[in-house]
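> after the sequence you'll find the predicted model.
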Amino acid sequence: SPLPKAAFEESLDRIEELLTRHEGPFFLGEVFSKVDCLYAPFLERWSFQVPLLHSEGLEPRDAARWPALAAWFAGMEERVPSYLARVKGDKHTWSL
């Protein structure tokens, strides 16, 4: 059975808080770092799999609920070419 919705919400809230500690889209602010590399595969996978597991409106890319996390996804897509080439998936690759 999947983790309860509350467990994902708590994790996403904690990630949101970490991202707000510095100005900029990344965990260390404007600087893309190893921290972003470590979180990228998990957050990318969650962005597609969590909505499938919890259809009650739990969307990790929800900018209204987690604005810093949404900015992180945008920063990764706009400023990190290797993210688009190697990590970013889609609903088909991450939901198999």
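Perfect, I can see it now. Residues are numbered from 1 along each chain as shown.
> which positions within stretch 40-54 qualify as buried?
If you call a residue buried by 16 or more other C-beta atoms under 10 Å, then stretch 40-54 has these buried ones: Ala40, Leu43, Glu44, Arg45, Trp46, Ser47, Phe48, Gln49, Val50, Pro51, His54. Every C-beta, even on glycine, is put in place using the N, C-alpha and C of the backbone.
> ok, now stretch 8-24?
Phe8, Glu9, Ser11, Leu12, Ile15, Glu16, Leu19.
> would you mind measuring from the third one to Val31?
When distances are taken as C-beta to C-beta, to the nearest Å, Ser11 and Val31 turn out to be 24 Å apart.
> show me what the longest helix belonging to the chain is packed against.
In terms of residue count, the longest helix belonging to the chain (DSSP state H) is helix 34-53. In terms of contacts (3 or more C-beta pairs under 8 Å, 6 or more residues apart in numbering; DSSP states H and E), helix 34-53 is packed against helix 5-19, helix 67-79.
> any chance of TSV for the buried residues of stretch 8-24, columns distance to Pro25 and pLDDT?
Converted to TSV, the buried residues of stretch 8-24 look like this (distance: C-beta to C-beta, whole Å; pLDDT from 0 to 100):
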residue	distance to Pro25	pLDDT
Phe8	22	87
Glu9	22	90
Ser11	19	93
Leu12	16	94
Ile15	13	97
Glu16	13	97
Leu19	8	97
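> now do the residue nearest the centre of the chain, the pLDDT please.
The centroid of the chain falls nearest to Leu43 when counting by C-alpha atoms, centre = their mean (3.6 Å). Looking at Leu43, its pLDDT reads 92.
> surely it touches Trp66?
No. At 10.5 Å, Leu43 does not count as touching Trp66 under the criterion of C-beta atoms under 8 Å.
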